[in-house]
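*Asks:* no sequence on hand, only this structure:
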Ligand code: ATP
Ligand code: MG
Ligand code: MG
Ligand code: MG
């Protein structure tokens, strides 16, 4: 079986092309074309949406697609599939990842062939031991009256998967939807047991096989699609981890060059893979966040999305500022450090996605500009905090109005959780009740008057405030990062 990440990707593509007659198509840009329901391309199927909906131009090349396969650049930050908050905290979610997929359009093949091809690839080509694989199928949904997908269950049983490793899951897991509207259907998934018999199974989801049968309409109803289709997606990073015998996508050759470059660039202690409470000092979390985010930044910028003020650009700016914070505050990176990682990303992904080689020259500049702007805001913020502290009594709370101006009105663009952190360092408590009152007043005001852009900014902040209150404790670095008001 192939070992290096790039060989694993190639083996997937040649399996579907050479053994099963699929045509290989390039990855679409991560910038959705003509689809306002999406911030970023979040799955391999996105570019085929017109086929699913039956709206494909009959003169286009796509109209002739029957069996295709590819490796799609995906970004899951913001929108329905939003994994931004998980990144750094776990060992399997990324904001950017590669999705390996195969498709059968218009009934070219359906459940049985799709499952047996997937099983053949995993167990014969990649040689994953069968007893480490579990499957799940759609167990139905009494609330909406959707039937269980017993056909998929029976297919797995006939392929030799023991009933004890065939699980029925609910709509949350096994009814796949691209966005709030769009093509959808029941799915069946293949999971890998990391524990491998040693103790309770520890499943990581590898591959999703979706049977597109419905369209979710704007009113929430399901309408049948004109034809049925197979749509599958498997995360390359997770597959490579399994094949390299690792529990973490970060321990594969897809990430290790980046982790070493981060260590060299920052002079930080080496990455040691700790998560959660074990990661005291949050150094390993910071490594993961920085490695993940710089890949996303490179891919998005090369596809023409730059950090900005609304929509996908706003999400990208949040990602950039998160990377700046983690690298500077925890890893003690020197200024300009993030830009120095760009060649490492291009080296790792440029062969599979040539657009990265072509368009990466501007990435370091864009990253450095925003990094500098953020640092300038930080400095100004510190000065304002110092000035305010000088006129406070020993038991006074830090005034909500000032904190607010650091984030929104003063347009300093500092995340509220960061402001809290800075105040905590000064040993002063923030008037959170006052802050929340302000946020609510502003929200009401803007709901009545403002343009959509401002509403969006405000929503981000209100979310953060709710979070602060819910936790009842000053936030730390892992407070959800939706509060990057710009
Ligand atoms: P999970 O339950 O782990 O969040 P998912 O069910 O949201 O995954 P799907 O939408 O089914 O994922 O996508 C198909 C495959 O893409 C998954 O089985 C997984 O291998 C991979 N994948 C999904 N999200 C991510 C991510 N954020 N980072 C890396 N790989 C991912
Ligand atoms: Mg998910
Ligand atoms: Mg899942
Ligand atoms: Mg899934």
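*Replies:* Ah, there it is. All of these numbers come straight from a predicted model, not from anything done at the bench. Ligands and ions are numbered 1, 2, ... in the order given.
*Asks:* list the residues that contact the residue lying closest to residue 91 once chain neighbours are set aside.
*Replies:* Using Cβ to Cβ, 6 or more residues apart in numbering and skipping residues adjacent in sequence, the residue nearest residue 91 is residue 248, 3.6 Å away. For the C-beta atoms, the positions are set from N, CA and C on the backbone; glycine is no exception. Counting by Cβ atoms under 8 Å, 6 or more residues apart in numbering, residue 248 makes contact with 91, 92, 241, 273.
*Asks:* what helices or strands is the one helix or strand residue 118 maps to leaning on?
*Replies:* If you go by DSSP states H and E, residue 118 is part of helix 111-120. Applying 3 or more Cβ pairs under 8 Å, 6 or more residues apart in numbering; DSSP states H and E, we find helix 111-120 packed against strand 96-104, helix 150-158, strand 182-193, strand 203-216, strand 222-235.
*Asks:* and these as CSV, adding mean neighbour count and distance to residue 356?
*Replies:* Below are the helices and strands packed on helix 111-120 laid out as CSV (neighbours: other Cβ atoms under 10 Å; distance: least, Cβ to Cβ, whole Å):
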stretch, mean neighbour count, distance to residue 356
strand 96-104, 26, 11
helix 150-158, 18, 37
strand 182-193, 23, 28
strand 203-216, 22, 25
strand 222-235, 19, 19
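*Asks:* follow-up on the earlier one: pull the distance from the helix holding residue 118 to the chain's centre.
*Replies:* 27 Å (Cα atoms, centre = their mean, to the nearest Å).
*Asks:* next SSE downstream of that helix?
*Replies:* Past helix 111-120, the next helix or strand by DSSP H and E is strand 133-138.
*Asks:* what lies in contact with that following strand?
*Replies:* 122-123, 146, 148-150, 152-153, 156, 161, 165-169, 171, 173-175, 186-193, 201, 203.
*Asks:* name every strand pairing with it and say which way it goes.
*Replies:* According to DSSP bridges, strand 133-138 has the following sheet partners: strand 166-169 (parallel), strand 182-193 (antiparallel).
*Asks:* for the first one, which positions count as buried?
*Replies:* Okay, so that is strand 166-169. By neighbour count on 16 or more other Cβ atoms under 10 Å, the buried set for strand 166-169 is 166, 167.
*Asks:* and that strand, does that touch ligand 1?
*Replies:* No. Judged by Cβ under 6 Å from any ligand atom, strand 166-169 stays clear of ligand 1, getting no closer than 10.1 Å.
*Asks:* and the helix or strand encompassing residue 172, how far out from the chain's middle?
*Replies:* For residue 172, the host element (DSSP H and E) is helix 171-174. Helix 171-174 sits 18 Å away from the centroid of its parent chain (Cα atoms, centre = their mean).
*Asks:* let's verify the one residue in the stretch 251-400 of the chain that gets nearest to ligand 1: helix, strand, or coil?
*Replies:* Ranked by Cβ to the nearest ligand atom, the top residue of the stretch 251-400 of the chain for proximity to ligand 1 is residue 292, at 8.8 Å. Secondary structure, DSSP: H, G, I helix; E, B strand; the rest coil: residue 292 is helix.
*Asks:* wait, it sits on residue 87?
*Replies:* Yes. Taking contacts as Cβ atoms under 8 Å, residue 292 lies within contact range of residue 87: 4.9 Å.
*Asks:* what residues are shared contacts of those two?
*Replies:* Common neighbours of residue 292 and residue 87 (Cβ under 8 Å, 6+ apart) are 94, 95.
*Asks:* higher neighbour count, these two?
*Replies:* Using other Cβ atoms under 10 Å, the more surrounded residue of residue 292 and residue 87 is residue 292, with 28 against 24.
*Asks:* which ones are touching that one?
*Replies:* 87, 88, 94, 95, 96.
*Asks:* and for residue 349?
*Replies:* 295, 298, 299, 356.
*Asks:* quick check: the second one is in a helix.
*Replies:* Yes. With the criterion set as three-state DSSP, the secondary structure at residue 298 is a helix.
*Asks:* now it, nearest residue through space, not along the chain?
*Replies:* residue 345 (4.5 Å).
*Asks:* for that neighbour, list the residues it contacts.
*Replies:* Going by Cβ under 8 Å, 6+ apart, the list of residues near residue 345 reads 258, 294, 295, 298, 356, 360.
*Asks:* repeat that with 10 Å
*Replies:* 96, 257-258, 261, 291, 294-299, 302, 356, 360, 363 (Cβ atoms under 10 Å, 6 or more residues apart in numbering).
*Asks:* helix/strand/coil for it?
*Replies:* helix.
*Asks:* before we move on, what about residue 148?
*Replies:* Per three-state DSSP, residue 148 ends up coil.
*Asks:* how many neighbouring residues does the residue nearest to it when sequence neighbours are not counted have?
*Replies:* Nearest in space to residue 148, with sequence neighbours left out and distances taken as Cβ to Cβ, 6+ apart, is residue 140 at 3.5 Å. Counted by other Cβ under 10 Å, the residues lying close to residue 140 total 19.
*Asks:* correct me if wrong: residue 140 contacts residue 153.
*Replies:* No. With contact defined as Cβ atoms under 10 Å, residue 140 does not reach residue 153; the gap is 11.1 Å.
*Asks:* spell out which residues are contacts of both of those two.
*Replies:* In contact with both residue 140 and residue 153: residue 168, using Cβ under 10 Å, 6+ apart.
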